[in-house]
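Asks: Here is the input, now give the coordinates:
(chains A, B, C and D)
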2 protein chains.
Amino acid sequence: MAQTHKKVTIYDVARLAGVTAATVSRVINGKANVAHETRERVLKAIEELNYYPSPLASGLHSHQSNQIGVLVPFFFGEFFYKVLSHISQVIPFPYELVLYDAATPEIKTHTLQKIFGEKKLNGLIVISLPLLKEEAFLAMQSGLPLVLLDNVHPSFPSVYFDNVMGMFHATQHLIKLGHRRIALINGAHEDPFHLEVAKHRHEGYRLAFDMARIPFDPGIMFVNDWSRAGARFIAHKILKMKNRPTAIMCTSDLQAIGVLEACKEAGVAVPEEISVMGYDDMDFADFFGLTTVQQSFQTIAKIALDMLMERINQPGSKPEKVALMPTLIVRKTTRELV
Amino acid sequence: MAQTHKKVTIYDVARLAGVTAATVSRVINGKANVAHETRERVLKAIEELNYYPSPLASGLHSHQSNQIGVLVPFFFGEFFYKVLSHISQVIPFPYELVLYDAATPEIKTHTLQKIFGEKKLNGLIVISLPLLKEEAFLAMQSGLPLVLLDNVHPSFPSVYFDNVMGMFHATQHLIKLGHRRIALINGAHEDPFHLEVAKHRHEGYRLAFDMARIPFDPGIMFVNDWSRAGARFIAHKILKMKNRPTAIMCTSDLQAIGVLEACKEAGVAVPEEISVMGYDDMDFADFFGLTTVQQSFQTIAKIALDMLMERINQPGSKPEKVALMPTLIVRKTTRELV
DNA sequence: TTGAAAGCGCTAACAG
DNA sequence: CTGTTAGCGCTTTCAA
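Replies: Okay, the predicted model is just below:
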């Protein structure tokens, strides 16, 4: 046995306080019907014995563990870290955070089945991942309060960054500066989870062109795996084009860094000869003076948790959708086309 | 009630399979003494009802939740994210990860008391944080398997990066390149948790000088809050010195970036006029061509978990200490003094 | 205001 | 090999 010394139980407290377990339970749960003097005595006993109620035992009754689950695809790096960090900062007492890692779609489905089947969590926040039909069905059926963060589903409260608008504003910024030939380096449209970020950002890019009534050139729209290395490779190709674009719009800061790298290698000055934009406003974007798009992790975490708590406290409430508008951060990698 | 639909219990399965709960329990737990045919029947019933055993109920018996706790100070950024991510990758079935955020020393103590008092976790990994005497006492007393990651305590298994040696090798690298006047920008020695990173890195720095029998100048040893901004400020002062150091050794990559920034602003070429080193090998160090010190998060996570599992499986085992040697990564911000 | 007793879902003797 | 029974620690009627 791992736990050598046995636990102090409610009975130990009861005995010491000269009452029964029921009374101790009442005190613990703050019920009104306990004599002041008795309550004091119990409290003293609890203190003295250093008693902590067993969440396992009380949970057996309520079918609740006082734990909030967070399902995440760990590979999202800084994005995920920040969201998680803010969630942990706003999670109300006495909830604990349980981390579930959806490394693959199969693991994700499996984990969800287990969560819905075990029915021990008080709530679940699904980050970035979409909910498949089958999964959504199980979720509804289990009745587990569930919120989507950075994704949407009609049947569940969802809070997400508006990727279409974010990208729209970003591209529009470039257009306003006079750019017309704006290359796009997008992230992969195809991924095992079928995320829609790339698709939405692509839409935002096109929307900006449509709104400005400018035709866009499919020949300068590229796709890679969101990586710096991939973007660097593509940027080199772009820089060598005869009719070279005057700006490169990336769907991630990482990609933008790769582009910056390529520009440096090719001896092309940024922003003098070409403008470059990122997306995400990662910690280092500031140092690179990267013009980019910022999303408030603090806000999204707060809202997701608020939604979840509301869902927990009044299960009937209808699922709201909140779209968060990203903010354009103009720094030094973009400038007016002369 | 949040959980509308009630749980399928072991009794439902037993009824459907035409056996008693005890037999179902045996099947679930893979006990040998169940007739093959009976087992099949039970398994089918489980499948059919989509039954998941209640961890709360079974946990009430074993006093275990099949959960591993991770206590972290969330502010550590990339470092913490990587460790956590690797832990989640190597955590063995069927353990879950529970996150505890030690935002302040008080919260940390509180959380530990609760953890030790509740006795529900199967094990706990404390990341980066030291264990106070009182906390260690409670830990021992509770018998909870506990492992320290990135810190040491005589009574508990510990795995950590050797900061003295890491810094020693880093500084030695500079000395080997012919540098003698090497400024140090260290992180704060004083912090609410009384971490010893700064102290150890400082020791490593001095050790390198001692070994080389070179006197060092306390006048070029600085301390800031590990931040980029702080380091940038200090670097500017350093760059203005009459007898300017030929190299600046930082105790974090963030600081090194700040120094690089200052050099650029002051028009001092790196590494031609001055060498700069970081520590941590963060994601972006590579892009900056920063010479730095790398620590393997994968290794430290794996070892911590192995230690914990051993501790869980044989509580008596004596607490090992494993020091991980950081690796020097030479890139382009350091060069031989001419 | 407090106690007695039943029960949450599962496990572990102990019989048979 | 399988059923019976008695808890694990806490909560919650129902009485007193």
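Asks: switch to C-alpha atoms for all contacts and neighbour counts from now on
Replies: Fine.
Asks: List the residues that contact the closest residue to A:Ala301 other than its chain neighbours.
Replies: Distances taken as C-alpha to C-alpha, 6 or more residues apart in numbering or on different chains put A:Ile87 closest to A:Ala301, at 5.2 Å, once the chain neighbours are dropped. By C-alpha atoms under 8 Å, 6 or more residues apart in numbering or on different chains, the residues touching A:Ile87 are A:Gln298, A:Ala301, A:Lys302, A:Leu305.
Asks: What residues sit buried inside the helix or strand of chain A with the lowest mean pLDDT?
Replies: When the helices and strands of chain A are compared on mean pLDDT, DSSP states H and E, helix A:285-288 comes out lowest with a mean of 90. For helix A:285-288, a neighbour-count test (16 or more other C-alpha atoms under 10 Å in any protein chain shown) marks A:Ala285 as buried.
Asks: Pull the residues that contact the helix or strand that comes right after that helix.
Replies: Downstream of helix A:285-288, the next assigned helix or strand under DSSP states H and E is strand A:292-294. Identification of contacts with strand A:292-294 by C-alpha under 8 Å, 6+ apart yields A:166-167, A:170, A:253, A:277-281, A:285, A:326-331.
Asks: switch the cut-off to 6 Å
Replies: Residues external to strand A:292-294 that are found in contact with it (C-alpha atoms under 6 Å, 6 or more residues apart in numbering or on different chains): A:Met277, A:Gly278, A:Tyr279, A:Asp280, A:Asp281, A:Pro326, A:Thr327, A:Leu328, A:Ile329.
Asks: any idea of the mean pLDDT in that strand?
Replies: Across strand A:292-294, the average pLDDT comes to 98.
Asks: now whichever residue of the stretch 51-200 of chain A sits closest to DNA strand D, nearest residue through space, not along the chain?
Replies: Per C-alpha to the nearest atom of the strand, A:Pro53 is where the stretch 51-200 of chain A lies closest to DNA strand D, at 3.3 Å. Leaving aside its sequence neighbours, A:Pro53 sits nearest to B:Glu118 (C-alpha to C-alpha, 6+ apart; 6.5 Å).
Asks: Cross-check the contact I'm expecting between the one you found and A:Ala57.
Replies: No: using C-alpha atoms under 6 Å, B:Glu118 makes no contact with A:Ala57, being 10.5 Å away.
Asks: Any idea how many residues pack against the nearest residue to A:Pro245 once chain neighbours are set aside?
Replies: Sequence neighbours aside, A:Arg181 is the residue nearest to A:Pro245 in space, at 4.7 Å (criterion: C-alpha to C-alpha, 6+ apart). By other C-alpha atoms under 10 Å in any protein chain shown, the residues close to A:Arg181 number 19.
Asks: swap in A:Gln64?
Replies: When neighbours are counted by other C-alpha under 10 Å, A:Gln64 comes out with 20.
Asks: got the contact list for it?
Replies: A:Lys120, A:Leu121, A:Asn122.
Asks: Wasn't A:Leu97 part of a strand?
Replies: Yes: membership of A:Leu97 in a strand is supported by DSSP: H, G, I helix; E, B strand; the rest coil.
Asks: If it is in a bridge, with which residues?
Replies: Beta-bridge pairing of A:Leu97, defined through DSSP bridges, involves A:Ile68, B:Leu99.
Asks: list the contacts for it?
Replies: Counting by C-alpha under 6 Å, 6+ apart, A:Leu97 has contacts A:Gln67, A:Ile68, A:Gly69, B:Val98, B:Leu99.
Asks: What distance do you get for it to DNA strand C?
Replies: A:Leu97 sits 22 Å away from DNA strand C, going by C-alpha to the nearest atom of the strand, to the nearest Å.
Asks: confidence score at that residue?
Replies: 97.
Asks: same thing with A:Ser317?
Replies: 84.
Asks: you'd agree it is in a helix?
Replies: No: counting by three-state DSSP, A:Ser317 is located in no helix; its state is coil.
Asks: Setting aside sequence neighbours, what's the nearest residue to it?
Replies: A:Arg311 (6.4 Å).
Asks: Can you list the neighbours in contact with the helix or strand that that neighbour is a member of?
Replies: Using DSSP H and E, A:Arg311 sits within helix A:297-313. Applying C-alpha under 6 Å, 6+ apart, the contact partners of helix A:297-313 are A:Val83, A:His86, A:Ile87, A:Pro145, A:Val147, B:Ala2.
Asks: Am I right that the fifth one falls within a strand?
Replies: Just to be clear, that refers to A:Val147. Yes: according to three-state DSSP, A:Val147 belongs to a strand.
Asks: Buried ones in stretch A:306-323, by neighbour count?
Replies: A:Asp306, A:Met307, A:Leu308, A:Met309, A:Arg311, A:Ile312, A:Pro315, A:Pro319, A:Glu320, A:Lys321, A:Val322, A:Ala323.
Asks: and it, C-alpha only, in CSV?
Replies: Extracted in CSV, the C-alpha atoms of stretch A:306-323 (Å, rounded to 0.1, in the frame of the first residue of the first chain):
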residue,chain,number,x,y,z
ASP,A,306,-18.2,31.5,-16.6
MET,A,307,-20.2,29.6,-19.2
LEU,A,308,-19.3,26.3,-17.6
MET,A,309,-20.2,27.5,-14.1
GLU,A,310,-23.5,28.7,-15.4
ARG,A,311,-24.1,25.4,-17.1
ILE,A,312,-23.2,23.6,-13.9
ASN,A,313,-25.5,25.7,-11.8
GLN,A,314,-28.5,25.8,-14.1
PRO,A,315,-28.3,22.9,-16.5
GLY,A,316,-31.2,24.1,-18.5
SER,A,317,-29.6,27.3,-19.8
LYS,A,318,-29.3,27.5,-23.5
PRO,A,319,-25.9,27.2,-25.1
GLU,A,320,-24.5,30.6,-25.9
LYS,A,321,-21.9,31.3,-28.6
VAL,A,322,-19.4,34.0,-28.0
ALA,A,323,-17.0,35.1,-30.7
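Asks: How far off centre is it?
Replies: Remark: stretch A:306-323 is offset 17 Å from the chain centroid, using C-alpha atoms, centre = their mean, to the nearest Å.
Asks: Just the mean pLDDT for the helix or strand harbouring A:Val276, thanks.
Replies: According to DSSP H and E, A:Val276 maps onto strand A:275-277. Strand A:275-277 shows a mean pLDDT of 98.
Asks: and for that strand, what are the contacting residues?
Replies: With C-alpha under 6 Å, 6+ apart, strand A:275-277 has contacts from A:Ala247, A:Ile248, A:Met249, A:Cys250, A:Thr291, A:Thr292, A:Thr333, A:Thr334.
Asks: okay if I get those as a markdown table plus neighbour count, secondary structure and distance to DNA strand C?
Replies: Output for the contacts of strand A:275-277, formatted as a markdown table (neighbours: other C-alpha atoms under 10 Å in any protein chain shown; DSSP: H, G, I helix; E, B strand; the rest coil; distance: C-alpha to the nearest atom of the strand, whole Å):
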| residue | neighbour count | secondary structure | distance to DNA strand C |
| --- | --- | --- | --- |
| A:Ala247 | 26 | strand | 60 |
| A:Ile248 | 27 | strand | 57 |
| A:Met249 | 25 | strand | 54 |
| A:Cys250 | 30 | strand | 50 |
| A:Thr291 | 26 | strand | 54 |
| A:Thr292 | 32 | strand | 51 |
| A:Thr333 | 22 | coil | 59 |
| A:Thr334 | 24 | coil | 60 |
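Asks: farthest-separated two in those residues?
Replies: Farthest apart among these by C-alpha to C-alpha are A:Ala247 and A:Thr292. That separation is 13.2 Å.
Asks: Do I have it right that A:Asp101 meets A:Val72?
Replies: Yes: if you go by C-alpha under 6 Å, A:Asp101 and A:Val72 touch, sitting 5.3 Å apart.
Asks: From A:Gln314, how far off is the residue of the stretch 51-200 of chain A closest to DNA strand D?
Replies: 26 Å (C-alpha to C-alpha, to the nearest Å).
Asks: Next: A:Ala269.
Replies: Taking C-alpha to C-alpha, one finds A:Ala269 at 57 Å from A:Gln314.
Asks: same deal with A:Val159?
Replies: For A:Val159 relative to A:Gln314 (C-alpha to C-alpha), the value is 18 Å.
Asks: Could you do A:Glu265 as well?
Replies: For A:Glu265, the distance to A:Gln314 - C-alpha to C-alpha - is 58 Å.
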